[in-house]
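[1] what would the 3D arrangement of this be:
(one chain, ligands or ions: 1)
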Amino acid sequence: MAVQLSGNWLPNFPKIVGGKSPSFYIHESSNSHGSRVEDDWVDLETDLYHWTKTLRPVQWYPGHIAKTEKELKEQLKLMDVVIEVRDGRIPMSTSHPQMDAWLGNKKRILVLNREDMISTADRNAWADYYARQGTKVVFANGQHGMGAMKLGRLAKALAAGVNVKRRAKGLLPRPVRAGIVGYPNVGKSSLINRLLKRRMCPAAPRPGVTRVLKWVRFGNDLELLDSPGIIPMRISDQSSAIKLAICDDIGERSYNFPDVAAILVQMLTKLPSVGIEVLQNRYKIDADGHCGRRFVHKLANHLFNGDDNQAAFRILSDFRKGRFGWIALERPPK
Ligand SMILES: Nc1nc2c(ncn2[C@@H]2O[C@H](COP(=O)(O)OP(=O)(O)OP(=O)(O)O)[C@@H](O)[C@H]2O)c(=O)[nH]1
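    The predicted structure is shown next:
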């Protein structure tokens with residue numbers, strides 16, 4: 001379906017082609033009384049694919065990441081256990097395609113961080129999914145520290161065999177070494193700082209803050225490696241690239257704010273837990289949200305003297321602050 005744009009005031013926005021009609025989106029099911037209820041989630045992946053394919057590709061690979069990748073591979077030998085941190089709002093898009101190959105059968109803990117930024121339904125869906133796969137997952141909040149102590153305990157428990165072997169050889173025990181890896185800005189350094197209860201690693205609300213690998217000691221029996229965020233040299237899935245941009249997990253120079261905000265508007269419009277009314281009420285404009293670019297431009301005219309960039313920044317920043325509610329942008333594959 002092509003979204004036709006009309007109105008003299010509109011500049012030449014690209015047509016957003018593809019996707020299903022909005023009316024197909026709400027999955028309905030029957031409750032025990034036979035009445036129809038709305039599911040809380042719709043699958044947006046097909047639409048996202050169509051929406052993003054007309055946009056300029058988003059790529060971000062700053063120089064320090066190649067260096068980090070090389071150093072991480074060297075440090076891997078030293079790690080008894082690897083803690084892979086992902087953004088709980090987009091666990092699939094923050095899963096590095098080469099991670100499995102790098103880690104082989106190394107002991108591994110998966111962390112879905114930013115737990116405070118998703119709904120209980122999102123959390124349950126991911127918890128069930130990983131439970132079905134037999135994957136151990138820890139939900140964490142790097143800002144407030146929830147889950148950090150559990151991570152420390154789990155890492156020590158998983159790698160306990162190291163010191164059993166050392167003792168058997170007559171060697172003294174040594175601290176367990178846990179490497180913390182993951183995409184930029186997912187909260188790796190914050191989790192370490194929370195665990196240590198000290199600001200040992202630089203953490204800030206933008207991707208690419210940690211630039212060097214750094215081992216830090218937690219008590220007598222655990223060492224943690226903080227590492228700069230890694231990301232593939234080429235992001236082949238542009239739906240993922242846009243979600244990384246929406247969630248502020250890649251550098252902002254790599255994307256066009258109005259394009260990314262427009263897609264966010266279209267996604268939010270289709271999610272029953274948000275919907276167009278929430279957007280219209282927040283910004284006091286009456287655009288319908290099925291054409292995100294039109295919505296962004298209308299907001300620009302309404303609040304920012306026609307500046308689309310500022311309007312787009314406002315929408316993205318409102319999403320990141322949870323102004324539309326705390327929601328994940330991905331649910332597990334069925
Ligand atoms: N709301 C919320 N914010 C978080 C959470 N974890 C981290 N943050 C914030 O997210 C921002 C990024 O956190 P960092 O710890 O610097 O992320 P990083 O993965 O080390 O980032 P890089 O240096 O890019 O690799 C900081 O502003 C943190 O305060 C969380 O669970 N919830």
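
[2] ok, L48 to M267 distance?
    L48 is 7 Å from M267, where distance means CB to CB, to the nearest Å. Heads up, the C-betas are built off the backbone N, CA and C, glycines and all.

[3] helix/strand/coil for the nearest residue to D122 once chain neighbours are set aside?
    Computed as CB to CB, 6 or more residues apart in numbering, the closest residue to D122 that is not its neighbour in sequence is A328, at 3.8 Å. Of the three states, A328 takes coil under DSSP: H, G, I helix; E, B strand; the rest coil.

[4] so what's A328 up against?
    Neighbouring residues of A328 by CB atoms under 8 Å, 6 or more residues apart in numbering: 88-91, 118-119, 122, 126.

[5] tell me which element T52 falls in.
    In the assignment (DSSP states H and E), T52 maps to helix 45-53.

[6] equivalent analysis for A312, please.
    In the assignment (DSSP H and E), A312 maps to helix 308-320.

[7] so for that helix, what's the average pLDDT?
    Averaging pLDDT along helix 308-320 gives 98.

[8] dump it to PDB, keeping only the CA atoms.
    Extracted C-alpha coordinates of helix 308-320, given in PDB (Å, rounded to 0.1, in the frame of the first residue of the first chain):
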ATOM      1  CA  ASP A 308      11.800  19.100  10.900                       C
ATOM      2  CA  ASN A 309      15.100  18.200  12.600                       C
ATOM      3  CA  GLN A 310      14.000  19.800  15.900                       C
ATOM      4  CA  ALA A 311      10.600  18.200  15.700                       C
ATOM      5  CA  ALA A 312      12.200  14.800  15.000                       C
ATOM      6  CA  PHE A 313      14.600  15.200  17.900                       C
ATOM      7  CA  ARG A 314      11.700  16.000  20.200                       C
ATOM      8  CA  ILE A 315       9.800  12.800  19.200                       C
ATOM      9  CA  LEU A 316      12.900  10.600  19.600                       C
ATOM     10  CA  SER A 317      13.800  12.100  22.800                       C
ATOM     11  CA  ASP A 318      10.300  11.700  24.200                       C
ATOM     12  CA  PHE A 319      10.400   8.000  23.200                       C
ATOM     13  CA  ARG A 320      13.700   7.600  24.900                       C
END
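
[9] that one and the ligand in contact?
    No. Using CB under 6 Å from any ligand atom, helix 308-320 stays clear of the ligand, with a minimum separation of 9.0 Å.

[10] for the helix holding T52, name the packing helices and strands.
    Helix 45-53 sits against helix 238-246, helix 257-270, with contacts defined as 3 or more CB pairs under 8 Å, 6 or more residues apart in numbering; DSSP states H and E.

[11] list the contacts of the last one.
    Contact with helix 257-270 is made by 16, 22, 25, 42, 44, 47-48, 51-52, 55-56, 58, 242, 245-246, 274-276, 278-279, 288-293, 295-297, 308-309, 311-313, 315-316, 319, 324, 329, as judged by CB under 8 Å, 6+ apart.

[12] and the gap between F313 and G142?
    24 Å.

[13] repeat that for T54.
    Distance of T54 to G142, given as CB to CB: 35 Å.

[14] what about the helices in the stretch 151-300 of the chain?
    In the stretch 151-300 of the chain, the segments counted as helices under DSSP state H, counting those that start in this stretch are 161-168, 188-196, 238-246, 257-270, 275-283, 292-303.

[15] quick check: residues of the stretch 101-250 of the chain near the ligand?
    Near the ligand, when you scan the stretch 101-250 of the chain using CB under 6 Å from any ligand atom, you find 113-114, 116-117, 141-143, 184-190, 203-205, 207-210, 228-229.

[16] mind giving me the domain ranges of the chain?
    The record's domain parsing of the chain by the TED database lists 40-59+235-321, 62-226.

[17] return the distance of the last one from the chain's centre.
    Centroid displacement of domain 62-226 relative to its chain, using CA atoms, centre = their mean, to the nearest Å, is 15 Å.
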